[in-house]
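1. sequence-free structure coming up:
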């Protein structure tokens, strides 16, 4: 073969060679588990198996409020195949649990306080046997009147030894006598949303030879779950190990501790592995939901529309137990005025117990409920003043240097006006009259029952904000270890991948810092140091920061010998595409050659600056950072049927820095779709404390057909200097903002006040047609 032919062959091979996968921060690195999830081979807790496996079932209360007279487990114990039955009498350690506050029984003993509260659990050799045995447990109840109206909770008999009031925050900011020329008032109600994870709760408990137990669950906070389980079992924490399995969707806490703890009790009692896979009904009954909220507002403004004072009362229905209601209330009260400059604010917030289904952490808790209310107030104010709603919002928009009603200065980037201007100025979608009728999707779907002549279009706006990380003195810390050997890096960090993309981000950080292409993230368990819960986008900040610091320490170990050899500082060396070079070109080698077979590793922590609890008047620096979003919603409303179609959502968001463009887009898309459900369909209804239709037929989740046309108009990359990489929270703020924007658009289309979410059809029927 001639040299020319050989050269041609080489060129052809090069032309068809696969392009290298980009790596490092700022590129769309695909998720390592994407292929396995697509092919259905990714292991979830429901897929786990063990030799000698037993199956568990839980008996739950059919009443929202009742006194337990007696529990008879004899019939269940005598059934063939039943290996164990446990009740409150079989809990050897702490009988209570809870994320924010431990006030919830593992098993009800004297009183049941909500529909679906666990009373007993059974282990048997077949899942059908376990369910039948659970049903055979005879419980005699004295049924009590449930307290289901949170306003009545203040005067009702105590539902719990701790009383009915969980927390009261009276926020006082500014002059109480300030009055505006223009005053608008409103009352608003937010329904109960369920996290509705795609995969219901499941878990496997395996007894250990040392008398301990291992729990294989989709936990989002494994070390807290381990400590709770150890306290319940009467064991030292080191004898309980939580191994995190694949997480099948999590916009709230997973798995609820009420599912985990019976598993371990049964495994310890039988000496066998025990598995529980919850039905969808059990999932609805067992885990926590978004707080239903009643809000009353009064806004004062001057003749030009500048806000003078905001007064509000916020009442959160916590259900029977406290859980994270205190944290949700703090967010609701702190952000009750929204991303607006409000010189005077007087907010009263309460979280109270009822016999309704339990409430807890769900993405955007507290902030979402108040956003719907204060944005409705801004629409009312604009209408009364005769001002364009977007213009009114711009006149009051918050900026860096302004002060929250809590007295905390806004030190992070706050480009609120820039975000709103971007969505306001974005071109509107074509009107139906400009579209062929056969291509026009009516509200209600392709076969919508309405007539085109009854459809009205509306345009509305929403501005939202959320806090990042924990608040009010929470110790936000994470630990990570980075090891490198033979050109392969491994990250050990107990930050749980819940779909937020942490494992991909960790790989990108190490690639960027060390120039290593192959990076693996080890599975999470409690043998690793704690990293904290997966919420408030905290892992991007604290766990990503810990990974970065550990990787930089390894980088120093790698470069120091070279720097010493060539008589220069490590700061004069750089790593790019797996190569180490000096500023002057004298040194050029590969990372692999520099490693020379050695193993390098380092462990580091990241702990943001401390916060403080709100004081007796709701004042204090309670938050580490803030993120903002603006959305313009365009809807079509059939004013005769009350059906609503979200035509388009134009979004601008404050993201700090884009670390993975594809991943960021996916998180925003997921957030606004969740917001569509909150605005239009999702409401876990109950009647006198009993959940109605606890299934995905009665609880209407948005589908792909309901997902709106999303236009990401602008991503403001103004880095937060105190955050690692300068990045901000992405997922929560679209969830908070989109329901308010959709409700605003429905108001514009119908002329109705729309003071309740989700929007009921009767609320979307126009007053005049």
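-> Happy to help now that I have it. Note that the coordinates shown come from a computational prediction; the quantities given were computed from them, not determined experimentally. Numbering: from 1, shown residues only.
2. What distance do you get for the residue nearest the centre of the chain to residue 729?
-> When the chain is reduced to its mean C-alpha position, the closest residue under C-alpha atoms, centre = their mean turns out to be residue 363, at 3.1 Å. As for residue 363, its distance to residue 729 is 10 Å (criterion: C-beta to C-beta, to the nearest Å). For the C-beta atoms, the positions are set from N, CA and C on the backbone; glycine is no exception.
3. try residue 196
-> Between residue 196 and residue 729 the computed distance is 22 Å (C-beta to C-beta).
4. So those two - more neighbours on which side?
-> Set residue 196 next to residue 729 and count neighbours by other C-beta atoms under 10 Å: residue 729 wins out with 27 against 22.
5. So which residues of the stretch 151-300 of the chain form helices?
-> Defined through DSSP state H, counting those that start in this stretch, the helices belonging to the stretch 151-300 of the chain, from first to last, are 222-233, 257-270, 280-286.
6. buried set for the last one?
-> In this case it means helix 280-286. For helix 280-286, the buried set under the neighbour-count rule, 16 or more other C-beta atoms under 10 Å, comprises 282, 283, 284, 285, 286.
7. what's stretch 371-379 in contact with?
-> With C-beta atoms under 8 Å, 6 or more residues apart in numbering as the test, stretch 371-379 has contacts from 184, 186, 188, 190, 295, 297, 299, 310, 312, 335-338, 340, 389, 392-393, 460-465, 736-737, 739-741, 743-744, 747-748, 753-755, 757.
8. hmm, 6 Å instead?
-> Residues from elsewhere that reach stretch 371-379, judged by C-beta atoms under 6 Å, 6 or more residues apart in numbering: 186, 188, 295, 297, 299, 338, 389, 393, 462, 464, 736, 739-740, 744, 747, 757.
9. for the record, mean pLDDT for that stretch?
-> Stretch 371-379 shows a mean pLDDT of 98 in the predicted model.
10. now stretch 70-82
-> Computed over stretch 70-82, the mean pLDDT rounds to 97.
11. Mind listing residues that contact that stretch?
-> Among residues not part of stretch 70-82, those counted as contacts by C-beta under 6 Å, 6+ apart are 85, 87, 124, 125, 129, 133, 136, 137, 138, 139, 140.
12. Got a quick PyMOL command for the buried subset of those?
-> Only the buried members of the contacts of stretch 70-82 end up in this PyMOL selection, burial being decided by 16+ other C-beta under 10 Å:
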select buried, resi 85+87+124+129+133+136+137+139
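13. And the contacts of stretch 70-82, which is closest to residue 689?
-> Sorting the contacts of stretch 70-82 by distance to residue 689 puts residue 139 at the head of the list, at 17.2 Å, by C-beta to C-beta.
14. for that closest one, which residues make a bridge with it?
-> Each beta-bridge partner of residue 139 is listed here: residue 71, as defined by DSSP bridges.
15. any idea of the pLDDT on it?
-> 97.
16. Repeat that for residue 16.
-> 50.
17. any chance of the helices of the stretch 151-300 of the chain in TSV, with mean pLDDT and distance to residue 38 too?
-> Shown next, in TSV, are the helices of the stretch 151-300 of the chain (pLDDT from 0 to 100; distance: least, C-beta to C-beta, whole Å):
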stretch	mean pLDDT	distance to residue 38
helix 222-233	94	26
helix 257-270	92	27
helix 280-286	90	24
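18. the strands in the stretch 1-150 of the chain, which residues?
-> Along the stretch 1-150 of the chain, counting by DSSP state E, counting those that start in this stretch, strands occupy 54-60, 66-72, 82-86, 96-97, 104-105, 111-112, 118-124, 138-143.
19. In TSV: the ones you listed, plus distance to residue 429.
-> Output for the strands of the stretch 1-150 of the chain, formatted as TSV (distance: least, C-beta to C-beta, whole Å):
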stretch	distance to residue 429
strand 54-60	47
strand 66-72	53
strand 82-86	58
strand 96-97	49
strand 104-105	48
strand 111-112	51
strand 118-124	49
strand 138-143	54
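20. So which of the ones you listed is the most surrounded?
-> Among the strands of the stretch 1-150 of the chain, the stretch with the highest mean neighbour count (mean count of other C-beta atoms under 10 Å) is strand 118-124, at a mean of 27.
21. what helices or strands is it leaning on?
-> The helices and strands touching strand 118-124, judged by 3 or more C-beta pairs under 6 Å, 6 or more residues apart in numbering; DSSP states H and E, are strand 54-60, strand 82-86, helix 127-136, helix 257-270.
22. at 8 Å instead, please
-> For strand 118-124, the contact count by 3 or more C-beta pairs under 8 Å, 6 or more residues apart in numbering; DSSP states H and E identifies strand 54-60, strand 66-72, strand 82-86, helix 127-136, helix 257-270 as packing neighbours.
23. Next one: the residue nearest to the centre of the chain from residue 325, what distance?
-> As judged by C-beta to C-beta, residue 363 and residue 325 stand 16 Å apart.
24. among the strands of the stretch 1-150 of the chain, which is nearest residue 426?
-> When the strands of the stretch 1-150 of the chain are compared for distance to residue 426 using C-beta to C-beta, the nearest one is strand 104-105, at 46.8 Å.
25. okay if I get the helices of the stretch 151-300 of the chain as CSV plus distance to residue 593?
-> As requested, the helices of the stretch 151-300 of the chain are exported to CSV (distance: least, C-beta to C-beta, whole Å):
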stretch, distance to residue 593
helix 222-233, 39
helix 257-270, 48
helix 280-286, 53
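26. what's the most buried one of those helices?
-> Of all the helices of the stretch 151-300 of the chain, helix 257-270 carries the top mean neighbour count, a mean of 25, counting by mean count of other C-beta under 10 Å.
27. quick one, it and strand 82-86 angle?
-> With axes from the mean of the first three to the mean of the last three C-alpha atoms, to 10 degrees applied, the angle from helix 257-270 to strand 82-86 works out at 130 degrees.
28. between helix 257-270 and helix 222-233, how many degrees?
-> 50 degrees.
29. ok, now which ones touch residue 314?
-> By C-beta under 8 Å, 6+ apart, the neighbours of residue 314 are 293-295, 329, 332-333, 336, 347-350, 369-370.
30. can you map out the helices along the stretch 651-769 of the chain?
-> In chain order, the stretch 651-769 of the chain shows helices spanning 661-680, 732-750, with DSSP H, counting those that start in this stretch as the criterion.
31. Give me whichever of these is most buried.
-> Mean neighbour count, computed with mean count of other C-beta under 10 Å, is highest for helix 732-750 among the helices of the stretch 651-769 of the chain, reaching a mean of 30.
32. does residue 171 really touch residue 336, like I thought?
-> Yes - under the criterion of C-beta atoms under 8 Å, residue 171 makes contact with residue 336 at 7.5 Å.
33. so what's in contact with these two at the same time?
-> With C-beta under 8 Å, 6+ apart applied, the overlap between the contact sets of residue 171 and residue 336 consists of 345, 347, 349, 405.
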